[in-house]
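A.B. asks: Give me the fold of what follows.
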Amino acid sequence: MDLWRIAVLVGAIIISWLVTASVTLRIAHKRGGKLLHWTVLGLLLGPAGIYLVLRQVQICPHCQAKALRGVYSCPQCRQELPRLNPDDNPAGPLWTYRKDW
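C.D. replies: This next block holds a predicted model:
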């Protein structure tokens, strides 16, 4: 391969990685996530960041909007979201998604 083809390939990979990071950030921001937190995760994880942000979803009982599990209030209606019941937690009773529990 020529050197310019390698440079184009590396550039395409970097651009696609940045695009997936920005998509991750946009989805997380729309669902109430912290900008710095999801920017770092999007840059580090790339395409896996999109999967992660789409997986961490809870539904607001007031307006049925999608929100991230770690947020305290709904990004649309600003109502307080109910806390996760420890019995319904798939990771077990000792693991929580919010640090103040």
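A.B. asks: Next, the buried residues of the top helix by length along the chain.
C.D. replies: Criterion DSSP state H: the longest helix present in the chain is helix 3-30. Neighbour-count burial for helix 3-30 flags Trp17, Thr20, Ala21, Thr24, Leu25, Ile27, Ala28, His29 (criterion: 16 or more other Cβ atoms under 10 Å). Placement of C-beta: from N, CA and C, glycine included.
A.B. asks: So which elements touch that helix?
C.D. replies: Applying 3 or more Cβ pairs under 8 Å, 6 or more residues apart in numbering; DSSP states H and E, one finds that helix 3-30 contacts helix 35-45, helix 47-55.
A.B. asks: Could you pull up the mean pLDDT of that helix?
C.D. replies: When pLDDT is averaged over helix 3-30, the result is 92.
A.B. asks: if we can go back for a sec, out of the buried residues of helix 3-30, the closest to Gln56 would be?
C.D. replies: Ala28 (8.8 Å; Cβ to Cβ).
A.B. asks: What is the burial count for Pro75?
C.D. replies: 18 (other Cβ atoms under 10 Å).
A.B. asks: Same question for the one 5 residues further on.
C.D. replies: The tally of other residues near Glu80 (other Cβ under 10 Å) stands at 10.
A.B. asks: what does the domain assignment say about the protein?
C.D. replies: 1-55, 57-101 (automatic domain parsing).
A.B. asks: Give me whichever of the ones you listed is most buried.
C.D. replies: Of the domains of the chain, the one with the most neighbours on average (mean count of other Cβ atoms under 10 Å) is domain 1-55, at a mean of 15.
A.B. asks: For that domain, what is the distance to the chain centroid?
C.D. replies: Remark: domain 1-55 is offset 11 Å from the chain centroid, using Cα atoms, centre = their mean, to the nearest Å.
A.B. asks: ok, Pro47 - contacts?
C.D. replies: Thr20 (Cβ atoms under 8 Å, 6 or more residues apart in numbering).
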